[in-house]
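Visitor: what shape does this take:
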Amino acid sequence: MNIAPLSTVTSYQSGSILPAAGTEGLWAGRVWIPADRAPRGIAGPHVVAVRGGRLFLTPYPTFSDLLNDPDCVSVLAEVSTEVAAFEEVVEASRFDRRAGKLDDETQIILLAPNDLPATKACGVTFIRSLLERVIEEKAKGDPAKATEIRQLILDTLGNDLSEVTPGSPETEALKAKLIDAGVWSQYLEVGIGKDAEIFTKAQPMASVGYGAQIGILPDSSWNNPEPEIVLAVAADGTIRGATLGNDVNLRDYEGRSALLLGEAKDQNASCAIGPLVRLFDDTFALPDIKEMEVELSVTGEDGYVVTGRNCMSEISRPPETLVAQACGEHHQYPDGFMLFLGTMFAPTDDRDQAGGGFTHHLGDRVEISTPQLGRLVNWVNHTNAIPPWEYGTRRLLEFLSST
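Guide: Residues are numbered from 1 along each chain as shown. Have a look, this model is predicted:
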């Protein structure tokens, strides 16, 4: 694959955002097109495909229409109405090149690929993230206690969890052992029990895309990125493709109480998805996802750098199992949905003080990448300093009716 390792990338050209600048694979997503370059002269979001380093308009009014068309791969292979060079759009999409509010944009910029599809997320699907969630609960939101509790849990559990299939008979014996050790947790319940944790990460139209700012609450003192693979799933449960995502998380909020999950997970610009969805075709399929390694890099304006890796081969539940638990006869998504598969890596190295763990600083550049899906880049800011979310489903329907 034609994409450089994180440590060597210093530019944000198209070649470092998609494999081979989008000349391999089949890619689809959404862009904002200003009035002077838009069909019929009306500014708004459009579903596009990338082929040969160029962006093309598609016949789909929404990304949901694309997801739910079983022939979308063949349709996108034939689109011919060119919009722009992908490199031009990548450059314009950086937050420091953007106007802020969509209505003020004068250039074509990338949006999160999903519009009407729901945004769902899976939690504690990796042993490492499972341990961190237990630590959050036991530390009660205090990062200074995390190191001591982490070691206590590791001393108690050893490698047992990595050897157990969630929902299997063996988990009952392990559960009894953990209860006796005093470390049983609601997170262990969903980590090794039969039912996965699946929650709503963001509302339709609320996710931000490549180049945008991502938000943390001003009073959060312990938070982190969560680099993940995100599946694009049709209403009938068919997985159409995948992209990258950042499930921005406030560890202090969720650590104080699991009932604060909404505050910890769903804030202004706290969900980033992109840059584009790579659709399944003869070059890319579900088995490729199971072997991916997702890299994370956080670079602060103060020169601080932390890196990590998410190995999908270590996921405790197969992606198709998570999709089956998310939808079916008991729960439907007629517009399709995006499903975050969970992360095994949450930064834990001390940043500000010994025992304080990792937390974001304003201006942090967060990069999530894998050779098959490209690179998602975002910058950290406070939720109330980022342009508010104003373009929702009602605005989308008004735009579609006018075009």
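
Visitor: all contacts plus neighbour counts: C-alpha atoms, from now on.
Guide: OK.

Visitor: helix, strand, or coil at C122?
Guide: Classification of C122 using DSSP: H, G, I helix; E, B strand; the rest coil returns strand.

Visitor: what ranges does this structure have for its helices?
Guide: Assigned helices in the chain, in chain order: 63-67, 72-76, 86-93, 127-139, 146-157, 170-181, 186-192, 251-256, 261-265, 286-290, 319-326, 393-402 (criterion: DSSP state H).

Visitor: and those: which comes nearest T307?
Guide: T307 lies closest to helix 127-139 among the helices of the chain, at 15.3 Å (Cα to Cα).

Visitor: circling back to that earlier point, pipe the helices of the chain into TSV and attach mean neighbour count and mean pLDDT per row.
Guide: Shown next, in TSV, are the helices of the chain (neighbours: other Cα atoms under 10 Å; pLDDT from 0 to 100):
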stretch	mean neighbour count	mean pLDDT
helix 63-67	23	98
helix 72-76	17	96
helix 86-93	20	95
helix 127-139	22	72
helix 146-157	16	71
helix 170-181	14	74
helix 186-192	21	78
helix 251-256	23	88
helix 261-265	19	93
helix 286-290	14	96
helix 319-326	17	96
helix 393-402	12	96
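
Visitor: can you redo the ones you listed as CSV with distance to P275?
Guide: CSV is the format used below for these (distance: least, Cα to Cα, whole Å):
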stretch, distance to P275
helix 63-67, 14
helix 72-76, 17
helix 86-93, 9
helix 127-139, 24
helix 146-157, 34
helix 170-181, 38
helix 186-192, 29
helix 251-256, 26
helix 261-265, 21
helix 286-290, 16
helix 319-326, 21
helix 393-402, 20
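
Visitor: of those, which is nearest V50?
Guide: Checking the helices of the chain against V50 by Cα to Cα gives helix 86-93 as the closest, at 7.3 Å.

Visitor: for the closest one, packing partners?
Guide: Packing partners of helix 86-93 (3 or more Cα pairs under 8 Å, 6 or more residues apart in numbering; DSSP states H and E): strand 109-111.

Visitor: quick check: which of the helices of the chain is nearest to I214?
Guide: Among those, helix 261-265 comes nearest to I214, with 11.9 Å by Cα to Cα.

Visitor: now do the closest one: distance to the chain's middle.
Guide: 15 Å (Cα atoms, centre = their mean, to the nearest Å).

Visitor: got the CA positions of that helix in CSV?
Guide: C-alpha atoms of helix 261-265 as CSV (Å, rounded to 0.1, in the frame of the first residue of the first chain):
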residue,chain,number,x,y,z
LEU,A,261,-21.8,7.9,29.3
GLY,A,262,-23.8,10.5,27.3
GLU,A,263,-21.7,13.4,28.7
ALA,A,264,-18.5,11.4,28.2
LYS,A,265,-19.2,10.5,24.6
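
Visitor: for that helix, packing partners?
Guide: Packed against helix 261-265, as judged by 3+ Cα pairs under 8 Å, 6+ apart, are the following elements: strand 249-250, helix 251-256.

Visitor: export those as JSON lines, with columns for distance to I179.
Guide: Shown next, in JSON lines, are the helices and strands packed on helix 261-265 (distance: least, Cα to Cα, whole Å):
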{"stretch": "strand 249-250", "distance to I179": "27"}
{"stretch": "helix 251-256", "distance to I179": "20"}
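
Visitor: out of the ones you listed, which is closest to D195?
Guide: Short answer: helix 251-256, nearest of the helices and strands packed on helix 261-265 by Cα to Cα, at 20.0 Å.

Visitor: which residues does that closest one contact?
Guide: Contacts with helix 251-256, where a contact means Cα atoms under 8 Å, 6 or more residues apart in numbering, come from 133, 136-143, 220-224, 260-261, 263-264.

Visitor: redo that, cut-off 6 Å
Guide: Residues outside helix 251-256 that contact it (Cα atoms under 6 Å, 6 or more residues apart in numbering): E136, E137, K140, G141, W222, N223, L260, L261, A264.

Visitor: tell me the centre residue of this protein?
Guide: The centroid of the chain falls nearest to G245 when counting by Cα atoms, centre = their mean (1.6 Å).

Visitor: OK, contacts around L261?
Guide: Shown in contact with L261 (Cα under 6 Å, 6+ apart): E254.

Visitor: quick check: it vs L339, distance?
Guide: As judged by Cα to Cα, to the nearest Å, L261 and L339 stand 17 Å apart.

Visitor: and if you look at F345?
Guide: Distance of F345 to L339, given as Cα to Cα: 18 Å.

Visitor: L244 against G274, yeah?
Guide: Yes. Counting by Cα atoms under 6 Å, L244 touches G274, with 5.4 Å between them.
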